[in-house]
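Colleague: sequence and predicted structure below; questions after.
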Amino acid sequence: MIGGGDIGSTLCERLAAENKDVVLVESSEERLRQLGAVADVQVVHGNGASPRVLREAGLDDAEMLIAVTDSDAVNLIACLVASRESVIPTKIARVRDPDLAAALPGIFGDDPLDLNINPEEEAANAIFKTLKAPGAGAVFEFAEGRVQVVAFSVDQPCEAAGVVLSELKTRLGIESNIVAVSRNEKLLIPDGSTQILLGDRIYAAGRPDALASLAELLGKNSAPVRRVVISGGGGTSYHLAQLLEADEDVTAKIIEPDGERCKFLVEHLKRSVVLQGQGTDPSLLREENIESADAFLALTPDDEDNILSALFAKRSGAGKVMALVNKSSYVPLVSAIGIDAVVSPNRAAVSAILHFIRKGKVVSVTTVGAEAAEALEIVALETSELVGKPLREANFKEAVVGAIVRGDDVIIPSGDDVIEAGDHVVIFALRSAIPRLERQMMVQLQYF
């Protein structure tokens, strides 16, 4: 692992907890001390672009190199050294510069990067999916989008409030499973007797059409997002605006204080309106009729500014309000004050990297709820102890099956359903349950 910042440190902790042998190369001695105290990783102090340092870290014996420093150049040089001086099978780099990312095939030739990750682009994709889902606070996709896990806030009296989960199908006809409930800042794995209460944040698994029906039951606005106001013109905003421009019915307005960045956005975007100003300026937001915006997205580099501007937009009457927040300690606060969704480019990048390195056995993994839980898509092997028996006999602890994908069919299971070999199983689990769950599914954590 080259780089011990937010992404590198999170990946180190996750992989070390799964008994991977992880070596971290980091130029900051302070970061090395901090991470060495919380994760079982070897540490090497030095420049990750140095061949000598990489050899000292054990490059010749490594099966994977992940370069996620703040410098595109360091990340690419580290991967080039790995390509030229070792037979390392897998190389992953964080590359923010889109021009540099486009040039990667020519740089690496016959031994290409296996994955180049852009946190801002990953965050933009996550925001775009959330904007498209009615009432959603977050959207996680599985089985090529046929199954989603969607977060909803139960923030108003509605038909679903007070309903016992077992009655969602029988009484209300909703074909989805509630796989988790966040209540009083605790994430719970529910059972059929759990009630949906006002103030809950629920996570539901199902097909997109069924989740849209659940959103309606929760009193969520089903009108499509048409008018979007974005505070901040950085990489996440730029990539998101490109996605929004593909829909001719959507208009995007970007507020950015830096004149040069405004010029860049005007030159590189086609239909988006760019204003020079501060997204935290109430008078500017009122001039732009923030109260009639379908969505307001606070995406500046400053967490505090994002929270403040998002709160003002929400209280002014904007529709869906989202804030970019990288400090995990702020996430519970943001939800408590009524902001609809939190965006973290670093967390999006971690999920994308884990998704890639686990493909083939654990197909997908997504961190949920300030890393308290994970939503996983796992292929059921013939030797799994869970195959061939009803789910009610599976002895899950702190985990629940949200959906089973069998060929072209999506099954929203009950306790009588049976997992078959080859099924793609979408499971929601607390972090403490994952080692046991992986043993039950017989998915050995050997990705390489």
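Modeller: Arrived safely. Numbering: from 1, shown residues only.

Colleague: show me the helices in the stretch 151-300 of the chain, by range?
Modeller: Ranges of helices within the stretch 151-300 of the chain are 167-170, 208-217, 235-245, 259-268, 282-287, based on DSSP state H, counting those that start in this stretch.

Colleague: quick one: the longest one to helix 259-268, angle?
Modeller: Just to be clear, that refers to helix 235-245. 30 degrees (axes from the mean of the first three to the mean of the last three CA atoms, to 10 degrees).

Colleague: quick one: the residue nearest the centre of the chain from Asp155, how far?
Modeller: Here the mean C-alpha position of the chain is nearest to the C-alpha of Ala348 (CA atoms, centre = their mean), at a distance of 4.0 Å. Ala348 sits 24 Å away from Asp155, going by CB to CB, to the nearest Å. For the C-beta atoms, the positions are set from N, CA and C on the backbone; glycine is no exception.

Colleague: one more: Glu144?
Modeller: Per CB to CB, Glu144 is found 31 Å from Asp155.

Colleague: same check on Val147?
Modeller: As for Val147, its distance to Asp155 is 25 Å (criterion: CB to CB).

Colleague: the two: who's more crowded?
Modeller: When neighbours are counted by other CB atoms under 10 Å, Val147 and Asp155 differ, and Val147 comes out ahead with 26 against 17.

Colleague: as a quick check, tell me the outermost residue of the chain.
Modeller: Ranked by distance from the centre of the chain (CA atoms, centre = their mean), the top residue is Arg52, with 35.0 Å.

Colleague: quick one: the strands in the stretch 251-400 of the chain?
Modeller: Using DSSP state E, counting those that start in this stretch, the strands assigned to the stretch 251-400 of the chain run over residues 251-256, 273-276, 295-298, 320-324, 341-343, 362-368, 373-379, 399-406.

Colleague: could you say what helices and strands the fifth one packs with?
Modeller: Translated: strand 341-343. helix 119-132, strand 320-324, helix 331-336 (3 or more CB pairs under 8 Å, 6 or more residues apart in numbering; DSSP states H and E).

Colleague: ok, back up a step: so which of the strands of the stretch 251-400 of the chain gets nearest Asn221?
Modeller: Of all the strands of the stretch 251-400 of the chain, it is strand 320-324 that lies closest to Asn221, at 8.3 Å by CB to CB.

Colleague: please save the CA atoms from that closest one in PDB.
Modeller: The C-alpha trace of strand 320-324 is given here as PDB (Å, rounded to 0.1, in the frame of the first residue of the first chain):
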ATOM      1  CA  LYS A 320     -33.100  16.600  -2.000                       C
ATOM      2  CA  VAL A 321     -30.100  18.000  -0.100                       C
ATOM      3  CA  MET A 322     -26.700  16.300  -0.100                       C
ATOM      4  CA  ALA A 323     -23.300  17.300   1.500                       C
ATOM      5  CA  LEU A 324     -19.800  16.100   0.800                       C
END
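
Colleague: direction included, what does that strand pair against?
Modeller: Applying DSSP bridges to the sheet, strand 320-324 is found paired with strand 295-298 (parallel), strand 341-343 (parallel).

Colleague: select from those the stretch with the lowest mean pLDDT.
Modeller: Mean pLDDT per stretch puts strand 341-343 lowest among those, at a mean of 87.

Colleague: quick one: low-confidence ranges for the stretch 301-448 of the chain?
Modeller: Applying pLDDT under 70 to the stretch 301-448 of the chain flags residues 332, 335, 358-372, 435, 438-439, 441-448.

Colleague: hmm, try it at 50
Modeller: Applying pLDDT under 50 to the stretch 301-448 of the chain flags residues 360, 443-448.

Colleague: picking that back up, which one of the helices of the stretch 151-300 of the chain is the most hemmed in?
Modeller: Ranked by mean neighbour count under mean count of other CB atoms under 10 Å, the helices of the stretch 151-300 of the chain are led by helix 235-245, which reaches a mean of 22.

Colleague: what comes into contact with that one?
Modeller: Under the criterion CB atoms under 8 Å, 6 or more residues apart in numbering, residues 96, 118, 120-121, 123-125, 127-128, 228, 230, 250, 252, 254, 256, 265, 268-272, 297, 299, 324, 343, 345 lie in contact with helix 235-245.

Colleague: tell me the domain boundaries of the protein?
Modeller: According to automatic domain parsing, the chain comprises the domains 6-117, 227-318, 348-441.

Colleague: hang on, the earlier thing: and for the residue nearest to the centre of the chain, nearest residue in space, chain neighbours not counted?
Modeller: Among residues not flanking Ala348 along the chain, Glu122 sits closest, at 3.8 Å (CB to CB, 6 or more residues apart in numbering).

Colleague: pretty sure Arg227 contacts Glu291?
Modeller: No - between Arg227 and Glu291 there is no contact under CB atoms under 8 Å: 11.0 Å.

Colleague: neighbour-wise, which of the two wins?
Modeller: Set Arg227 next to Glu291 and count neighbours by other CB under 10 Å: Arg227 wins out with 17 against 14.

Colleague: residues contacting the more buried one?
Modeller: Contacts of Arg227 by CB under 8 Å, 6+ apart are Val250, Thr251, Lys253, Ser292, Ala293, Asp294, Ala295.

Colleague: got TSV for those residues, with neighbour count and distance to Val334 too?
Modeller: Output for the contacts of Arg227, formatted as TSV (neighbours: other CB atoms under 10 Å; distance: CB to CB, whole Å):
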residue	neighbour count	distance to Val334
Val250	20	25
Thr251	16	26
Lys253	19	23
Ser292	12	23
Ala293	24	19
Asp294	18	20
Ala295	24	16
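
Colleague: relative to Gly58, which of those is nearest.
Modeller: Closest to Gly58 out of the contacts of Arg227 is Ala295 (47.1 Å), distances taken as CB to CB.

Colleague: would CSV of the domains of the chain with distance to Asn177 be doable?
Modeller: Below are these laid out as CSV (distance: least, CB to CB, whole Å):
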stretch, distance to Asn177
domain 6-117, 26
domain 227-318, 28
domain 348-441, 5
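
Colleague: nearest to Leu197, out of those domains?
Modeller: Leu197 sits nearest to domain 348-441 of all the domains of the chain, at 17.2 Å, using CB to CB.

Colleague: neighbours of Ala17, how many?
Modeller: Around Ala17 there are 14 other residues, counting by other CB under 10 Å.

Colleague: and Arg226, by the same measure?
Modeller: Arg226: 13 surrounding residues under other CB under 10 Å.

Colleague: please tell me how far it sits from Gly235.
Modeller: Distance of Arg226 to Gly235, given as CB to CB: 24 Å.

Colleague: got the phi and psi for Ala62?
Modeller: Main-chain dihedrals, Ala62, degrees, to the nearest 10: phi -80, psi 150.

Colleague: who are the contact partners of it?
Modeller: Going by CB under 8 Å, 6+ apart, Ala62 touches Val23, Ala82, Ser86, Ile88.

Colleague: now do Ala212
Modeller: Shown in contact with Ala212 (CB under 8 Å, 6+ apart): Ala133, Pro134, Ser222.

Colleague: test my guess that the first one contacts Pro208.
Modeller: Yep, that's Ala133 we're talking about. Yes - assessed by CB under 8 Å, Ala133 is found in contact with Pro208 at 7.4 Å.
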